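1. Just a sequence and a predicted model for now, questions to come.
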Amino acid sequence: MAYLLPVLFCAIAAFLFVLVAVYVRGARRAHAAIDAELSRRGIHVQGLGMNGAPLPATPSVFGAPERGIVLTRRDGIRASLSPHPAQGAAALPGFGPVAPLHTLVEMPTDLPDQMICAHERAQAVFGAFPPSPQHTGNARFDARFGIFAPPVGAAGYHADPIPWVRTPSATTLFTNFDVLGFTALHVHAGRARMLFAPQAVDGLVAALDTGASLARPHEACPPAQPPSRLMMNSAKGIALLLVAMLVPMVLGSSMVPRLTGMGFEIAGSTVACPQGGSFHYSYRPNRMSTCTHASGTYAADRTAYALWQFALWAPYVLMATAASVGLYFKLRRDTARVVLRNLAP
């Protein structure tokens, strides 16, 4: 009877580890399906190391793209998400390494040199006296961003910096900017770099398509679906895992001594008192735990009691660990399924 609770914990822990295996398998299947869909679209996937160097793609790239990922289309347009401070936002003037975790889209373009950024960032880009911005005619966009192009040349003419504003796909482009969290665009010497909010894989693909439509404004622009959210960065994931493990253990640490130290029949009295009696647990290291019955008091079997505590706590810890790990992989599986659903044609 004393070991009924440990056996119950063992059974629950075993069940939870089975769920962990199910969630891990589901996440792997979803990641493999994402990889197949990207291959079908002609998109090459690589990971990014902490130093910014490309790495072979692994399932963790799809499960945690914030650790570093690069998607490259056949036409050379690429989207990346890198935690390295010298990449991402640092690739654009006026940003630097203060906000490295942005979706960066890089592409060749015929657009003239220009900078599109928030009005409050113009001084960081151009200095104390930034040039006057041009406008797109979209009130929502113009309220937040300005188009800063080089001054008119000696001939009094320069190329239109925003030809995409006067194309049929302009409305879709503005909508995609809102959906993907557009931050800035920098064009220099035929190379464009765009910044968006950090995105999961489906958002990176939508950013690729949006960048391609901006570089070739007379081509159709596919509307971006609301992308899935990044599950969390690694630090938050580890914190969630630890909290999920520690909370039930802390709660249990205050419950178990009450159930055992106060003479609960199925625990201390049964295990630590082989001659019968009521178990009294001593919390003081210099005093023995005792058993009291009608004939008197005798020393409790502390070894048997310690073994019982181990039999209780070991499966309890395994149960808490399995629950937290299962929660983590369930989130990864569910996020991957949302990404796959958004990528489906």
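-> Here it is on my side, so go on. Numbering: from 1, shown residues only.
2. How is this protein divided into domains?
-> The chain is divided into the following domains under automatic domain parsing: 4-17+234-343, 65-215.
3. Quick one: distance of the shortest one to the chain centre.
-> This means domain 4-17+234-343. 31 Å (C-alpha atoms, centre = their mean, to the nearest Å).
4. mean confidence for it?
-> Per-residue pLDDT over domain 4-17+234-343 has a mean of 76.
5. swap in stretch 112-130?
-> pLDDT averaged over stretch 112-130 gives 90.
6. How about stretch 46-58?
-> 82.
7. If you count neighbours, what's buried in that stretch?
-> The neighbour-count check on stretch 46-58 (16 or more other C-beta atoms under 10 Å) flags 46-48, 52, 57 as buried. Backbone N, C-alpha and C define where each C-beta goes, glycine included.
8. What of stretch 86-101?
-> 87-95, 100-101.
9. Likewise for stretch 101-112?
-> Going by 16+ other C-beta under 10 Å, stretch 101-112 has these buried residues: 101-107, 109, 111-112.
10. Can you tell me which of these is closest to Ala323?
-> Leu101 (29.7 Å; C-beta to C-beta).
11. Does that closest one touch Gly88 like I think?
-> Yes. The pair Leu101 / Gly88 is scored as a contact, 6.2 Å apart, by C-beta atoms under 8 Å.
12. Need the overlap of contacts for these two.
-> Common contacts of Leu101 and Gly88, defined by C-beta atoms under 8 Å, 6 or more residues apart in numbering, comprise 81-82.
13. re the thing from before, looking at the buried residues of stretch 101-112, which is nearest Ala143?
-> Nearest member of the buried residues of stretch 101-112 to Ala143, counting by C-beta to C-beta, is His102, at 21.2 Å.
14. Please render the domains of the chain as TSV that adds distance to Ile34 to the earlier fields.
-> As requested, the domains of the chain are arranged in TSV below (distance: least, C-beta to C-beta, whole Å):
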stretch	distance to Ile34
domain 4-17+234-343	5
domain 65-215	6
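15. looking at these, which is buried most?
-> domain 65-215 (a mean of 18; mean count of other C-beta atoms under 10 Å).
16. which of the buried residues of stretch 86-101 are the two that sit furthest away from each other?
-> Among the buried residues of stretch 86-101, Pro93 and Leu101 lie farthest apart (C-beta to C-beta), at 18.3 Å.
17. Now do the same contact list for Leu8.
-> Contacts of Leu8 by C-beta under 8 Å, 6+ apart: none found.
18. Can you list phi and psi of it for me?
-> Dihedral angles of Leu8 (phi, psi; degrees, to the nearest 10) stand at phi -60, psi -40.
19. So in this protein, which helix runs the longest?
-> helix 302-343 (DSSP state H).
20. elements contacting that one?
-> Applying 3 or more C-beta pairs under 8 Å, 6 or more residues apart in numbering; DSSP states H and E, one finds that helix 302-343 makes contact with helix 4-40, helix 59-63, helix 201-215, helix 234-261, helix 270-271.
21. cutoff 6 Å now
-> helix 4-40, helix 201-215, helix 234-261, helix 270-271 (3 or more C-beta pairs under 6 Å, 6 or more residues apart in numbering; DSSP states H and E).
22. And Ala124, which helix or strand is it part of?
-> helix 122-126 (DSSP states H and E).
23. Would you mind listing the outside residues contacting the helix or strand following that helix?
-> Next helix or strand after helix 122-126 toward the C-terminus (DSSP H and E): helix 139-144. Helix 139-144 has contacts (C-beta atoms under 6 Å, 6 or more residues apart in numbering) with 118, 135-136, 174.
24. phi, psi of the residue nearest to Gly96 when sequence neighbours are not counted?
-> Residue nearest to Gly96 in three dimensions, not counting chain neighbours: Ala90, with 5.6 Å by C-beta to C-beta, 6 or more residues apart in numbering. With angles defined as degrees, to the nearest 10, Ala90 sits at phi -70, psi -10.
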